[in-house]
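Chemist: Here is a sequence together with a model predicted from it:
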Amino acid sequence: MQLSFWEKDTFFNNTDAIIIGSGIVGLNAAIHLKEQNPGLKIIVVERGSLPCGASTKNAGFACFGSMTELLDDCEQNGAEAMLSLVEKRWRGLLALREKLGDSTIDYQALGGQEVFTEADKATFENSINNIDKYNALLKDIIGKQVFEIDDRSLKNNELNGFEHLIRNNYEGQLHSGKMMEKLFRLAQSLDITVLNGLEIIRIEEGSNHVKISTQNAWTLKAKKLLVCTNGFTPSLFPSIEVKPARNQVLITAPIPGLKLKGSFHYNKGYVYFRNIGDRVLLGGGRHLYMQEESTDKMELTDEIQNFLEDFLHKHITYRHSAAIEMRWSGILGIGEEKNPIITQYSDNIFTAVRLGGMGVAIGILVGKEGADLLLKSL
Ligand SMILES: Cc1cc2nc3c(=O)[nH]c(=O)nc-3n(C[C@H](O)[C@H](O)[C@H](O)COP(=O)(O)OP(=O)(O)OC[C@H]3O[C@@H](n4cnc5c(N)ncnc54)[C@H](O)[C@@H]3O)c2cc1C
């Protein structure tokens, strides 16, 4: 189907910036550009009918790091880098909540909780040996006593098969669908054009413009391009160091009398679960099938789904008969380093990708930073 003169002369005329990807980063970038300069013409192009990556598929943990994750980060990249990431996540969460409003996104400050089994004894002991040190390090960034041992919480939440629990007093949870819907409405209210069902397959750069081609053979042109495709970036830019990592999730039907409340991390966050009202959402297990899950195909596998179901019945719903109501998968963008890649890739192309497992926390800031880079060059 060819574009008509009318379509070219309106929707696609004089575009200042095209953003690829309508996830949390792409929408926040577009909103920031318009807030900084309402006169700009901004188009967001999205291949899915809805955002189709991680932002509407995630678990809605408003988190900035469990004890074992921060210990791991510190060991790999040093204390300074670890603290700078934590600070970014914390500032991002505050900015997101302020922009969208806690009640709009169902934000609940229920805390984040990391659970340990008997087999994790050494990891738990290493964690408790470091609690005071980490609380002191985080005090000026987050507040007093971020972490505490709270084994009673295992009983209060009726969890089975865990020996210990370390609580993060400042984490929370939100409704990812409400967050993304609100961002979408904000973008619409600012006259940002969001075009769904357009997959970009080729990008060509001229001296003062970028031309992008879609799978349905349209060609769109803009002065600048911001790439917010996270885990899908390698298919457009193979040289950018982002890898896709699939995460699978399941959610139960409502469970009368469910005691579980809050967000829980297990095994460095490779397994995670939370309540959504009286349902349980459980996801992860990628560490068991690393090779198979290093993909951007949004599919389910029996192996991971069986693992999740076993985990659910063994540790969380062992007192109930819990029916699984839905299953889905989403794609993370990960790399050797945990920092996002926010760069000027070339004269007219910019990237804001590689959000890892903390996109809820850093998405708004990554979008803003990418947009600011682009703005400087307009
Ligand atoms: C199952 C799961 C659970 C998670 N849980 C949490 C959590 O609890 N807390 C947390 O902080 N983070 C979590 N994350 C991570 C978080 O969701 C991501 O870091 C974040 O959503 C990334 O946002 P993004 O905008 O960069 O990417 P995405 O949301 O993936 O958006 C990229 C968009 O680009 C589009 N796109 C890609 N290629 C093209 C193309 N060629 N043409 C057009 N459009 C294209 C995609 O369709 C997609 O909509 C989770 C992720 C998953 C998958």
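Modeler: Done, it's in.
Chemist: which parts of the stretch 251-378 of the chain sit against the ligand?
Modeler: Within reach of the ligand by Cβ under 6 Å from any ligand atom, the stretch 251-378 of the chain has these residues: G283, G330, I331, L332, L355, G357, M358, G359, V360, A361, G363. C-betas here are computed from N, CA, C, even on glycine.
Chemist: Next one: the fifth one, what pLDDT does it get?
Modeler: If you check L355, the pLDDT there is 97.
Chemist: Can you spell out which helices and strands pack onto the longest helix belonging to the chain?
Modeler: Ranked by number of residues, the top helix in the chain under DSSP state H is helix 79-100. Here helix 79-100 touches strand 61-62, helix 67-77, helix 121-139, helix 176-189, helix 359-377, going by 3 or more Cβ pairs under 8 Å, 6 or more residues apart in numbering; DSSP states H and E.
Chemist: how many neighbours does the residue of the stretch 51-200 of the chain found nearest the ligand have?
Modeler: Residue nearest to the ligand within the stretch 51-200 of the chain (Cβ to the nearest ligand atom): G53, separated by 2.0 Å. Neighbourhood size, G53 [other Cβ atoms under 10 Å]: 30.
Chemist: Is it in contact with F232, as I believe?
Modeler: Yes - judged on Cβ atoms under 8 Å, G53 makes contact with F232 at a distance of 6.5 Å.
Chemist: Spit out the residues that contact those two alike.
Modeler: Common neighbours of G53 and F232 are listed as G21, I331 (criterion: Cβ atoms under 8 Å, 6 or more residues apart in numbering).
Chemist: What spatial separation is found between I19 and the ligand?
Modeler: 9 Å (Cβ to the nearest ligand atom, to the nearest Å).
Chemist: right, and that residue touches E46 too?
Modeler: No - with contact defined as Cβ under 8 Å, I19 does not reach E46; the gap is 9.2 Å.
Chemist: Look at the two and report which has more neighbours.
Modeler: I19 (33 against 25).
Chemist: Could you look up the SS state of that one?
Modeler: The local conformation at I19, judged by DSSP: H, G, I helix; E, B strand; the rest coil, is strand.
Chemist: May I have the beta-bridge partners of it?
Modeler: As for beta bridges, I19 partners with V44, L226 under DSSP bridges.
Chemist: Return the distance of the nearest residue to G284 once chain neighbours are set aside relative to G333.
Modeler: Spatial nearest neighbour of G284, chain neighbours left out: V271 (4.0 Å); criterion: Cβ to Cβ, 6 or more residues apart in numbering. Here the criterion is Cβ to Cβ, to the nearest Å. By it, V271 lies 20 Å from G333.
Chemist: Please apply the same query to F124.
Modeler: Separation of F124 from G333 (Cβ to Cβ) stands at 31 Å.
Chemist: more crowded one of the two?
Modeler: G333 (28 against 21).
Chemist: Could you check the angle whichever strand or helix holds that one makes with helix 176-189?
Modeler: Using DSSP states H and E, G333 falls within strand 324-334. Angle of strand 324-334 versus helix 176-189, following axes from the mean of the first three to the mean of the last three Cα atoms, to 10 degrees, is 60 degrees.
Chemist: Not counting strand 324-334 itself, show me its contacts.
Modeler: The contact list for strand 324-334, computed with Cβ under 8 Å, 6+ apart, reads 53-54, 56-58, 230-233, 242-253, 279, 295-296, 298-300, 305, 309, 312, 353-357.
Chemist: now swap in stretch 261-274 and tell me
Modeler: Contacts for stretch 261-274 (Cβ under 8 Å, 6+ apart): 59-61, 63, 66, 68-69, 72, 110-115, 120, 157, 159, 171-173, 260, 275, 280-287, 311-312, 316, 357.
Chemist: can you pull the buried residues of it?
Modeler: Neighbour-count burial for stretch 261-274, with 16 or more other Cβ atoms under 10 Å as criterion, is recorded at K261, G262, S263, F264, H265, Y266, N267, G269, V271, Y272, F273, R274.
Chemist: quick check, P244 in a helix?
Modeler: No - P244 sits outside any helix when classified using three-state DSSP, being strand.
Chemist: isn't it right up against S235?
Modeler: No - using Cβ under 8 Å, P244 makes no contact with S235, being 9.1 Å away.
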